[in-house]
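A.B. asks: model this:
(one chain, ligands or ions: 2)
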Amino acid sequence: MLLEANNKNIKLAAKLINDGDVVAFPTETVYGLGADALNPKGVIKIFEIKKRPRFNPLIVHIANKEAIKEFSRKHDPRIFDLIKEFWPGPLTLVLKKKKIIPDIVTAGNDTVALRMPNHKVALKLIEYSGKPIAAPSANSFGFLSPTDPQHVEKQLGEKIKIILDGGRSNVGVESTIISFVGKDPVLLRPGGLPVEIIESVIGKINFSEEYSDKPISPGQLRSHYAPKIPIGFLTETSIRKNSDKKIGALFFKENLFDSVFVYEKFLSPSGDLNEAAVNFFKYLHELENKDIDIILCEKLPKKGLGFAIMDRLQKAVNKYL
Ligand code: TXA
Ligand code: MG
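C.D. replies: Numbers count the residues shown, from 1 in each chain. Ligands and ions are numbered 1, 2, ... in the order given. Below is the predicted model:
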């Protein structure tokens, strides 16, 4: 059930979390499907509802910076520089875990991903329940991420008791994930906090661009985030190849091609990559429900949030290659 995210309803949701149940809630990146991270019975439900493979670990959400010491150990000093600057916010840190975090959350790994979200409702839900909240994005595994409560309802509405409606997510792509498990930090997933900004605080970060279907370093799935209908890149060639089909086109700023399309959506007419990120999943959700055969999406510059958008777009395209 969709419920307005007022204090009364957040308390109801916190009660469900405490009873070992799951709820969907807003964060600034995307909506999450949360359970008490310390209760395996609740966490298992997340995997079942999403049909998510058990090898894929979950992010644990906390409501204050100090909690990092409760749930993780071996802290590189750069970690504190980052959380001082960017928490609460769209940055997830992978760290050595403490025993208190159950194996089901981390898929048996000795590491835990921690994030303090920058959203009042998410923070209240954690505070009212008094628990860290394990939460992936609130979508079926492999499909589009939800940036609106209606997206959650469309995919999972029948399987969850409460969806807290906090309006649109104002970042629009998932958090950036940095691992601090090795000697140097490694980028596991580009996301809502641009890598350039993180590098301005802690220096150059390595990025492994290898994909696999059973990743050793999770988060590196080759195909992911895909709409229900085929999607490809928008180019002169792809337009020609699909000329017999009904095409929905997703542009960055404007249509500079010689063709017109059944549907045309513009991620950011002014060319703002932050605005493009907010609209990216939203427009894909709209297009996948239209009477079209294929979505073609223009490539964006791979800088700022464009890097995160292109990562999701490439993984969506990979599904239909
Ligand atoms: O913005 C976000 O991060 C959203 C909101 C709800 O917070 N959450 C989210 O969760 O995107 P999810 O499960 O859809 O993506 C989390 C990624 C997965 O690819 C997972 O493999 C990776 O984080 N991950 C989680 N724990 C990890 C760990 N211990 N080591 C490496 N990767 C991990
Ligand atoms: Mg996800």
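
A.B. asks: every contact and neighbour count from this point should use C-alpha atoms.
C.D. replies: Will do.

A.B. asks: which stretches of the stretch 101-250 of the chain aren't confidently modelled?
C.D. replies: Confidence mapping of the stretch 101-250 of the chain against pLDDT under 70 gives the ranges 208-220.

A.B. asks: get me the contact residues on the chain for ligand 1.
C.D. replies: 29-32, 56-59, 90, 94, 106, 111-113, 135-137, 174-175, 217-219 (C-alpha under 6 Å from any ligand atom).

A.B. asks: what do you get if the cut-off is 5 Å, keeping everything else the same?
C.D. replies: 29, 32, 56-59, 111-113, 136-137, 174-175, 218-219 (C-alpha under 5 Å from any ligand atom).

A.B. asks: closest to residue 309 among those residues?
C.D. replies: Minimum distance to residue 309 across the residues of the chain next to ligand 1 is 9.8 Å, recorded for residue 174 (C-alpha to C-alpha).

A.B. asks: what does stretch 286-306 rub up against?
C.D. replies: Stretch 286-306 has contacts (C-alpha atoms under 8 Å, 6 or more residues apart in numbering) with 191-196, 227-235, 238, 245-252, 262-263, 273-274, 277, 307-310.

A.B. asks: so which of the residues of the chain next to ligand 1 belong to strands?
C.D. replies: 32, 59, 111-113 (DSSP state E).

A.B. asks: just to revisit the earlier point, just flag the most distant two among the residues of the chain next to ligand 1.
C.D. replies: 29 and 111 (22.4 Å).

A.B. asks: who has more neighbours, the two?
C.D. replies: residue 29 (30 against 24; other C-alpha atoms under 10 Å).

A.B. asks: gap between the nearest residue to residue 189 once chain neighbours are set aside and residue 92?
C.D. replies: For residue 189, ignoring the flanking residues on the chain, the nearest one in space by C-alpha to C-alpha, 6 or more residues apart in numbering is residue 177 at 5.0 Å. To residue 92, residue 177 is 5 Å away according to C-alpha to C-alpha, to the nearest Å.

A.B. asks: compare the two (neighbour count), which wins?
C.D. replies: Just comparing residue 177 and residue 92: by other C-alpha under 10 Å the higher neighbour count belongs to residue 92, 28 against 25.

A.B. asks: can you confirm the more buried one is in a strand?
C.D. replies: Yes. With DSSP: H, G, I helix; E, B strand; the rest coil as the criterion, residue 92 is assigned to a strand.

A.B. asks: who's in contact with it?
C.D. replies: 59, 113-116, 175-178.

A.B. asks: one more time with 6 Å
C.D. replies: 114-115, 176-177 (C-alpha atoms under 6 Å, 6 or more residues apart in numbering).

A.B. asks: repeat for residue 192
C.D. replies: 90, 173-176.

A.B. asks: which SSE is residue 181 in?
C.D. replies: In the assignment (DSSP states H and E), residue 181 maps to no helix and no strand.

A.B. asks: just flag the most distant two among the contacts of residue 92.
C.D. replies: Across the contacts of residue 92 (C-alpha to C-alpha), the longest gap, 11.3 Å, separates 114 and 176.

A.B. asks: tell me which of those two has more neighbours.
C.D. replies: residue 114 (26 against 23).

A.B. asks: roughly how far does residue 243 sit from ligand 1?
C.D. replies: 35 Å (C-alpha to the nearest ligand atom, to the nearest Å).

A.B. asks: next, that residue: secondary structure please.
C.D. replies: Strictly by three-state DSSP, residue 243 counts as coil.

A.B. asks: so what pairs up with the closest residue to residue 283 other than its chain neighbours in the strands?
C.D. replies: The shortest distance from residue 283 to any non-neighbouring residue, by C-alpha to C-alpha, 6+ apart, is to residue 265 (7.2 Å). Residues in a beta bridge with residue 265, per DSSP bridges, are residue 250.

A.B. asks: correct me, but residue 265 touches residue 250?
C.D. replies: Yes. Using C-alpha atoms under 6 Å, residue 265 is in contact with residue 250, at 4.9 Å.

A.B. asks: I'd say residue 316 and residue 225 touch.
C.D. replies: Yes. In this structure residue 316 lies within contact range of residue 225 using C-alpha under 6 Å: 5.4 Å.

A.B. asks: out of these two, which sits in the busier spot?
C.D. replies: Set residue 316 next to residue 225 and count neighbours by other C-alpha under 10 Å: residue 316 wins out with 24 against 21.

A.B. asks: not counting sequence-adjacent ones, nearest residue to residue 179?
C.D. replies: Nearest one to residue 179, counting by C-alpha to C-alpha, 6+ apart, is residue 94 at 4.4 Å.
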